[in-house]
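> Predicted model and sequence follow; I will ask about them next.
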Amino acid sequence: MAQIVASAAWKDPSYSWNRNYISDLGNTACGDFSLAGHVSRVCSPKHGVMNASFMLSGVLLIIGALLLWRLWPRTKLARVGEFLLLLAGLLKIVVGLAPENRNLSLHTLGATNLVIGSIAVLLLSLSVRRSHPVVQWLGILTSVVGLVGGTLFTMSQRAGHSPIPGLGVGGLERLAGYPFNLWMVGIGLLAIARAGGESLLSRSRVDDTTDVPAGLESRHAHRAGK
C-alpha cells in the first residue's frame with residue numbers, strides 16, 4: 001500500500017514499477033541518482049511514508065516471527081529458519097532508517113533481507129516435510145522464486161542491465177521480495193486457522209524429523225497410543 005501511495009506522488013517522470021528500485025520511493029532527494037551503473041531520475045515527495053513502511057514491515061515481521069515461534073517443530077533446522085526471519089525483520093528496519101541516498105552501504109546491507117528471508121522460508125519448509133508436504137512444497141517454490149529473483153537482481157546491478165529482456169531492476173527486485181511477503185501472509189492465515197496453537201508438526205511429535213530412524217519413530221508412535 002505504501003508503494004502505491006509513494007509512487008502515485010511521483011511526477012515528471014512517473015515512477016516505473018519495472019525500471020525503478022523500490023528503494024527509490026524512499027530516496028529523500030530529487031535529481032539523478034546512480035546505483036550500480038543504473039541512473040534514474042528520482043523524486044519521491046512521499047519518501048517519509050515509504051521509509052516508515054519499511055520500518056513498520058520490519059517490526060511486524062519480527063512480531064510475526066515471535067508469535068509463530070512455537071508453531072514450528074523443535075528442530076535445529078526450524079530454529080535457524082526462525083532466527084533468519086528475525087534477522088530479516090531487523091534488516092528491513094535498517095532499510096527504512098538508512099535511505100539509499102543517505103547511507104548506501106548500510107542501505108545495501110539492509111536490502112539483504114530479501115535473500116535472508118527466502119533462505120528462512122526454505123529452512124522452515126524443509127522442517128515440516130514429513131507432517132505438512134503441501135506447506136513444504138509451497139515454501140520451497142516460494143524460496144526458489146525469491147532466490148532466483150535475488151540472483152538475477154544482483155546480476156543486473158553488477159552488469160548494469162537486466163539479464164531478462166523487458167524485465168527491469170524494479171521488476172527483478174519485486175520478484176525477489178514479493179513471494180516472501182505472500183508466504184508470510186499464507187503462514188499467518190494458516191496459524192489463525194489452527195488457532196488452537198497446535199504445532200505445524202502436530203502429526204509427528206518426534207523433535208528431530210530429519211534423522212529419526214524408522215524403528216524409533218514406530219516406538220514413539222506406539223507409546224503415544226498407550
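Everything's here; your move. Quick caveat, the model's predicted, so the values are computed rather than measured.
> Tell me how many other residues crowd the closest residue in space to residue 2 that isn't next to it in sequence.
Excluding its sequence neighbours, the residue lying closest to residue 2 (C-beta to C-beta, 6 or more residues apart in numbering) is residue 53, at 3.3 Å. In this view, the C-beta of every residue, glycine as well, is placed from N, C-alpha and C. Residue 53 is flanked by 21 other residues according to other C-beta atoms under 10 Å.
> and if you look at residue 130?
16.
> what's the average pLDDT for stretch 153-172?
Mean per-residue pLDDT for stretch 153-172: 78.
> May I ask you to confirm that the residue nearest to residue 2 is in contact with residue 95?
No. Contact between residue 53 and residue 95 fails when scored by C-beta atoms under 8 Å: they sit 10.0 Å apart.
> just for this structure, where's the confidence low?
Along the chain, segments meeting pLDDT under 70 span 36-37, 159-161, 195-226.
> hmm, try it at 80
Scanning the chain for pLDDT under 80 picks out 12, 35-39, 131, 157-166, 193-226.
> Identify the spatial nearest neighbour of residue 43, chain neighbours not counted.
Closest residue to residue 43 apart from its sequence neighbours, by C-beta to C-beta, 6+ apart: residue 30 at 3.8 Å.
> ok, which stretches of this structure are strands?
Secondary structure of the chain by DSSP state E: the strands cover 31-35, 38-42.
> could you dump these to CSV with mean neighbour count and distance to residue 6?
Listed next are the strands of the chain as CSV, based on neighbours: other C-beta atoms under 10 Å; distance: least, C-beta to C-beta, whole Å:
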stretch, mean neighbour count, distance to residue 6
strand 31-35, 13, 15
strand 38-42, 17, 12
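> all helices for this protein, in order.
For the chain, the helices defined by DSSP state H occupy 2-8, 47-67, 76-97, 104-111, 113-126, 133-159, 169-193, 214-225.
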